[in-house]
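Enquirer: 3D, please:
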Amino acid sequence: MSRPTRLSAGVVVVRDTPEGRRFLLLRAFTHWDFPKGMVEAGEEPLAAAIREVKEETLIEQLDFAWGHDYIETGPYSRGKVARYYLARTSTSEVSLPVIEELGRPEHNEYRWVDEAAALKLVSARVQPIVSWAAAKLDGKSTSPGEQEVRTREA
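Expert: Residues are numbered from 1 along each chain as shown. Down below sits the predicted model:
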């Protein structure tokens, strides 16, 4: 499969808390999403996803306990495709650093939320990503007919 020319990569970051698992969502203007950004020329998508989490949140500790499986959105915003991996962190502290090129943080707010809140906050394009991650966290496999899930080849 050829890679889209406009590929964005990110990570569904989850954390276990006494109240249950929580997903990390970031808000840019009115849009909630997981940490993600454009894959740079010559960069592997997984490396880009890890870099974006660090740049956008300063979280460095990510455990890809479910392997390097990923899910992609359909094309949006002039043909861009977003690819998401799933990782757990024990880091609860999130920072929204100033991005030098922007002169401000890329995101306005962050929240650690449960699955139901995540599904309410994110757009229809991102809802299948939340459901895919929740199914993987629950040890359920999703059939390719239900969602477009692809696995990174070793």
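Enquirer: next secondary structure element downstream of the longest helix along the chain?
Expert: As assigned by DSSP state H, the longest helix anywhere in the chain is helix 45-57. Going down the chain from helix 45-57, the next helix or strand is strand 69-72, by DSSP states H and E.
Enquirer: now the element after that following strand, going C-ward?
Expert: strand 81-88.
Enquirer: where does the chain dip in pLDDT?
Expert: Within the chain, the segments meeting pLDDT under 70 span 1-5, 141-154.
Enquirer: any chance you could map the strands in it?
Expert: Along the chain, counting by DSSP state E, strands occupy 7-17, 20-28, 31-33, 36-38, 69-72, 81-88, 98-99, 104-105, 109-113, 149-151.
Enquirer: which one of the ones you listed lies nearest to residue 56?
Expert: strand 20-28 (6.4 Å; C-beta to C-beta). C-beta here means a position set from N, CA and C on the backbone, and glycine is covered the same way.
Enquirer: got the angle between the closest one and strand 7-17?
Expert: 140 degrees (axes from the mean of the first three to the mean of the last three C-alpha atoms, to 10 degrees).
Enquirer: pretty sure residue 26 contacts residue 109?
Expert: Yes: if you go by C-beta atoms under 8 Å, residue 26 and residue 109 touch, sitting 7.5 Å apart.
Enquirer: between these two, which has more neighbouring residues?
Expert: residue 26 (24 against 11; other C-beta atoms under 10 Å).
Enquirer: before we move on, the earlier item: which one of the strands of the chain lies nearest to residue 59?
Expert: Of the strands of the chain, nearest to residue 59 by C-beta to C-beta is strand 7-17, at 6.6 Å.
Enquirer: strands paired with that closest one, and their directions?
Expert: strand 20-28 (antiparallel), strand 36-38 (antiparallel), strand 81-88 (parallel) (DSSP bridges).
Enquirer: okay, the longest one in CSV with CA atoms only?
Expert: Which is strand 20-28. Extracted in CSV, the C-alpha atoms of strand 20-28 (Å, rounded to 0.1, in the frame of the first residue of the first chain):
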residue,chain,number,x,y,z
GLY,A,20,-10.3,3.8,35.5
ARG,A,21,-8.5,4.4,32.3
ARG,A,22,-8.3,7.9,30.8
PHE,A,23,-7.5,9.1,27.3
LEU,A,24,-5.5,12.2,26.7
LEU,A,25,-7.2,14.7,24.5
LEU,A,26,-5.8,18.0,23.3
ARG,A,27,-8.0,21.0,22.1
ALA,A,28,-6.9,23.3,19.3
